[in-house]
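In: this one's structure only:
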DNA sequence: GCAGTAAATTAGATTAGTCTAAAGTTATTA
DNA sequence: TAATAACTTTAGACTAATCTAATTTACTGC
């Protein structure tokens, strides 16, 4: 049974609150997602019906094993995308989070897996790793052969040298 | 005035049909987006009201300058993402297209711009460029210093050498 | 030039997700 | 313990996007 982006957001929010507080209240979720309390009530009823959330009226909110599993998966995607946006694309933390939050519901697992592999390679490979320099663009963190950098890095090295005079 | 993902899809579909046919018909759009004809009529009325599309009942469909500008922007994002998914992450064309199609409405221009820069750097830098090998993972297209590859690439070289015996 | 077909529109229904306002419940504290 | 505050739920309305079925319009081939 497919979950809408909206319901996934609720599930993820519950998951994140529970990580800190052991159980969630409707208001926590409402604040986190910036929606009305009644919208939370509405979503909870659906999630309870689908067996993803434990909740009786006026009671606290927890996840069923099934719900936790799904929530974890969503949170994982969020992490991967935030990581990618911040470390690879050098996007500011806030924008990275927002982007992650919207695409996490859309990109299939297989593609997220590929992002993970890419991040991993970029980190572990000796010749991997770039950084973003405002007003210049991307450049390698370390140039494998200092005497023979690529054209772009050479450009940067020269402009650096010039500015030091 | 913000456009919904759905309306952006219609605009983009019109743009793509027009690229090939000079003017679009409602059925073209319906087929492209896999929706009922009446849904297209409905969307057209909104887009006409917003000054993005030229269309009188039963007539052909074209874009206003304003509409074309927006459509172009959406199509550009689509291109960038498809490019990224296929060339950087080595995702199959079909999945790449689907992913591009859903995130193109969500990711802000500034972030797409960063993807462009990343793609560009990866292509132009002497030490950039990786490829995906099924069952192995990412590896560099060319190892800068053949005698001193990174650990991951070394692994791959060795397993290649072994399989050639 | 008109009959038949293809295309487009209208009308009306449905669904999901949201909201506000009012009513109900629980917890706090004087 | 009774009043009040804080929280939750219910009720009802609204919007956007879709659908099907029925109607209207336009085109095409004879």
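Out: Thanks, I have it. It should be emphasised that the depicted structure is a prediction, and the values quoted were computed from it without experimental measurement.

In: mind listing the helices for chain A?
Out: A:5-21, A:26-33, A:37-49, A:65-83, A:93-103, A:109-124, A:151-164 (DSSP state H).

In: Write out the residues of chain A neighbouring DNA strand D.
Out: Chain A comes close to DNA strand D at residues A:25-27, A:30, A:37-38, A:40-42, A:44-45, A:55, A:57-59, as judged by Cβ under 7 Å from any atom of the strand. No exception for glycine: its C-beta is placed from N, CA and C like everyone else's.

In: Name only those of the residues you listed that count as buried.
Out: A:26, A:30, A:40, A:44, A:55 (16 or more other Cβ atoms under 10 Å in any protein chain shown).

In: Quick check: the gap between the fourth one and chain B.
Out: This means residue A:44. The spacing between residue A:44 and chain B, counted by Cβ to the nearest Cβ, to the nearest Å, is 26 Å.

In: Let's see the pLDDT reported for that residue.
Out: We have a pLDDT of 98 for residue A:44.

In: re earlier: any chance of the helices of chain A in CSV, with distance to residue B:13 too?
Out: Formatted as CSV, those follow (distance: least, Cβ to Cβ, whole Å):
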stretch, distance to residue B:13
helix A:5-21, 22
helix A:26-33, 31
helix A:37-49, 32
helix A:65-83, 27
helix A:93-103, 21
helix A:109-124, 23
helix A:151-164, 37
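
In: ok, and which of the residues of chain A next to DNA strand D reach DNA strand C?
Out: Applying Cβ under 7 Å from any atom of the strand to those, one finds that A:37-38, A:42, A:58 fall near DNA strand C.

In: If I average pLDDT within each of the helices of chain A, which one is lowest?
Out: For those, mean pLDDT drops lowest on helix A:151-164, to a mean of 62.

In: how about the residues of chain A near DNA strand C?
Out: Neighbours of DNA strand C within chain A, by Cβ under 7 Å from any atom of the strand: A:4-7, A:34-39, A:42-43, A:46, A:58.

In: and those as JSON lines, adding distance to residue A:116?
Out: Written out in JSON lines, the entries for the residues of chain A next to DNA strand C read as follows (distance: Cβ to Cβ, whole Å):
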{"residue": "A:4", "distance to residue A:116": "25"}
{"residue": "A:5", "distance to residue A:116": "22"}
{"residue": "A:6", "distance to residue A:116": "26"}
{"residue": "A:7", "distance to residue A:116": "25"}
{"residue": "A:34", "distance to residue A:116": "29"}
{"residue": "A:35", "distance to residue A:116": "31"}
{"residue": "A:36", "distance to residue A:116": "36"}
{"residue": "A:37", "distance to residue A:116": "36"}
{"residue": "A:38", "distance to residue A:116": "38"}
{"residue": "A:39", "distance to residue A:116": "33"}
{"residue": "A:42", "distance to residue A:116": "34"}
{"residue": "A:43", "distance to residue A:116": "29"}
{"residue": "A:46", "distance to residue A:116": "31"}
{"residue": "A:58", "distance to residue A:116": "41"}
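
In: For burial, what's the neighbour tally of residue A:65?
Out: Counted with other Cβ atoms under 10 Å in any protein chain shown, the neighbours of residue A:65 add up to 8.

In: circling back: which of the residues of chain A next to DNA strand C sit farthest apart?
Out: Spanning the widest gap among those are A:5 and A:58, at 27.7 Å by Cβ to Cβ.

In: tell me the domain ranges of chain A?
Out: Per automatic domain parsing, the structural domains of chain A span A:5-70, A:75-124, A:130-164.

In: so which of these comes closest to residue B:93?
Out: Judged by Cβ to Cβ, the one of the domains of chain A that comes nearest to residue B:93 is domain A:75-124, at 12.9 Å.

In: Please report which of the residues of chain A next to DNA strand C has the highest neighbour count.
Out: residue A:43 (24 neighbours).

In: any idea how far residue A:16 is from the residue nearest the centre of chain A?
Out: Centroid-nearest residue in chain A: residue A:78, 2.7 Å away (criterion: Cα atoms, centre = their mean). According to Cβ to Cβ, to the nearest Å, residue A:78 stands 9 Å off from residue A:16.

In: same thing with residue A:27?
Out: Residue A:27 sits 15 Å away from residue A:16, going by Cβ to Cβ.

In: and if you look at residue A:3?
Out: Distance of residue A:3 to residue A:16, given as Cβ to Cβ: 16 Å.

In: burial count for residue A:82?
Out: Neighbourhood size, residue A:82 [other Cβ under 10 Å]: 19.
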